[in-house]
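A predicted structure for the sequence below; I have some questions about it.
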Protein chains: 2
Amino acid sequence: MEVYVLRLGHRPERDKRISTHVALTARAFGARGIYFDTSDTRLFESVRDVVDRWGGEFFIERAESWKSLIKNFEGVKVHLTMYGLPLPDKLHEIRNADKILVIVGAEKVPPEVYELSDYNIAIGNQPHSEVAALAIFLDRVLEGHVFNAEFEDARLRVIPSERGKKIIEND
Amino acid sequence: MEVYVLRLGHRPERDKRISTHVALTARAFGARGIYFDTSDTRLFESVRDVVDRWGGEFFIERAESWKSLIKNFEGVKVHLTMYGLPLPDKLHEIRNADKILVIVGAEKVPPEVYELSDYNIAIGNQPHSEVAALAIFLDRVLEGHVFNAEFEDARLRVIPSERGKKIIEND
């Protein structure tokens, strides 16, 4: 299964850190790449720098038009929102998809997003975090991929350990 | 099982939004409360405001000394770090605990934290987000509590729906 993420409503002056967490979570939990509706060179470079050091082929780029991206996406479109249906009710259906576009907004998203998506899905109906919502969604849909993920051509790798930090550097 | 969270290294000028996401994720996913090592009135008030509107008894407060808090905590202490052992390897042991203190740092944590914790646990060994790590940890340990959580005396409740936003207000 191929999963892509669309980050809507990113405001470079306000959301840099949260959006970085969204992008790195997408990568670590098995998405192929992430689209933004705004360009943010500094953010894009910092995520590409992580990909360069930690491996894999994750992409981050601006979508010319988020609306066209959603409309033309050939696969299942899932909008994560605290107002949606609980993931467990739809997980089985969603897991049948070959391609998924997961849409995560900042504070507010245009009402059209609810209409253009195949599913509006909630990770609990409480206010919390789009980072948490994306992590849980990817973990459930990709069945714990985060714990088995391999990243090709990594220059840095962690050796899991009981105490302290062990990193291997390959050059 | 009772779960508490300790947020280390919060810098009010830099981490307000990420720390808010950490706190709201802790609440939504079933923790009883969160301790910070720094006071941040504006952040604490905004989280208490969420509790006031959305219900439950989640607390947010400053720990006088994070070191004493960890040392004196009568339960299992789990530090979430990308350098640790994979959660699935230790999940069974951790689930046996009656009380858990989950420690989540900002960028760097003092080396002592690795020593004072019973477990150093990774949610994948890639750089991503403490919000994502906390969400996955709580979801796995509390077995999907986020999808069944009830919050007492809530003034606001979401009615899960396929499209749009439905909220009930009780006064």
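Nice, I can see it. Numbering: from 1, shown residues only, chains lettered A, B, ... in the order given.

phi and psi next, for the residue lying closest to A:Glu115 once chain neighbours are set aside.
Spatial nearest neighbour of A:Glu115, chain neighbours left out: B:Arg163 (6.6 Å); criterion: C-beta to C-beta, 6 or more residues apart in numbering or on different chains. Yep, even glycine has a C-beta here, placed from its N, CA and C like the rest. Main-chain dihedrals, B:Arg163, degrees, to the nearest 10: phi -140, psi 140.

how near is B:Arg163 to A:Gly84?
9 Å (C-beta to C-beta, to the nearest Å).

swap in A:Ile94?
A:Ile94 is 12 Å from A:Gly84, where distance means C-beta to C-beta.

what of A:Glu152?
Note on A:Glu152: its distance to A:Gly84, by C-beta to C-beta, is 34 Å.

would you point out which residue is most central in chain A?
A:Ala26 (3.1 Å; C-alpha atoms, centre = their mean).

what's the one helix or strand that one maps to in contact with?
For A:Ala26, the host element (DSSP states H and E) is helix A:12-28. Helix A:12-28 has contacts (C-beta atoms under 8 Å, 6 or more residues apart in numbering or on different chains) with A:5, A:7, A:9-10, A:33-34, A:36, A:38, A:40, A:42-43, A:46-47, A:50-51, A:56, A:58, A:60, A:104, A:106, A:129-131, A:134-135, A:138, A:146, A:149, B:17-18, B:21, B:124, B:126-129, B:131-132.

so which of the residues you listed belong to helices?
Of the contacts of helix A:12-28, the ones assigned to helices by DSSP state H are A:42-43, A:46-47, A:50-51, A:130-131, A:134-135, A:138, B:17-18, B:21, B:131-132.

farthest pair within the residues you listed?
Spatial extent of these (C-beta to C-beta) is set by the pair A:Arg42 and A:Leu138 at 25.0 Å.

neighbour-wise, which of these two wins?
Neighbours per residue, other C-beta atoms under 10 Å in any protein chain shown: of A:Arg42 and A:Leu138, the larger number sits with A:Leu138, 25 against 9.

count the residues that sit near A:Glu115.
Around A:Glu115 there are 12 residues (other C-beta under 10 Å).

do A:Pro160 as well
17.

what about the closest residue to it other than its chain neighbours, how many neighbours?
Nearest non-adjacent residue to A:Pro160, counting by C-beta to C-beta, 6+ apart: B:Leu85, 5.1 Å away. By other C-beta under 10 Å, the residues close to B:Leu85 number 17.

how far away is B:Leu85 from B:Val3?
To B:Val3, B:Leu85 is 19 Å away according to C-beta to C-beta.

touching stretch A:34-53 from outside, list them.
Contacts for stretch A:34-53 (C-beta under 8 Å, 6+ apart): A:4-12, A:16, A:19-20, A:22-24, A:26-27, A:57-63, A:66, A:69, A:154-156, B:127.

distance between it and the chain's centre?
Centre-to-centre, stretch A:34-53 and its host chain are 13 Å apart (C-alpha atoms, centre = their mean, to the nearest Å).
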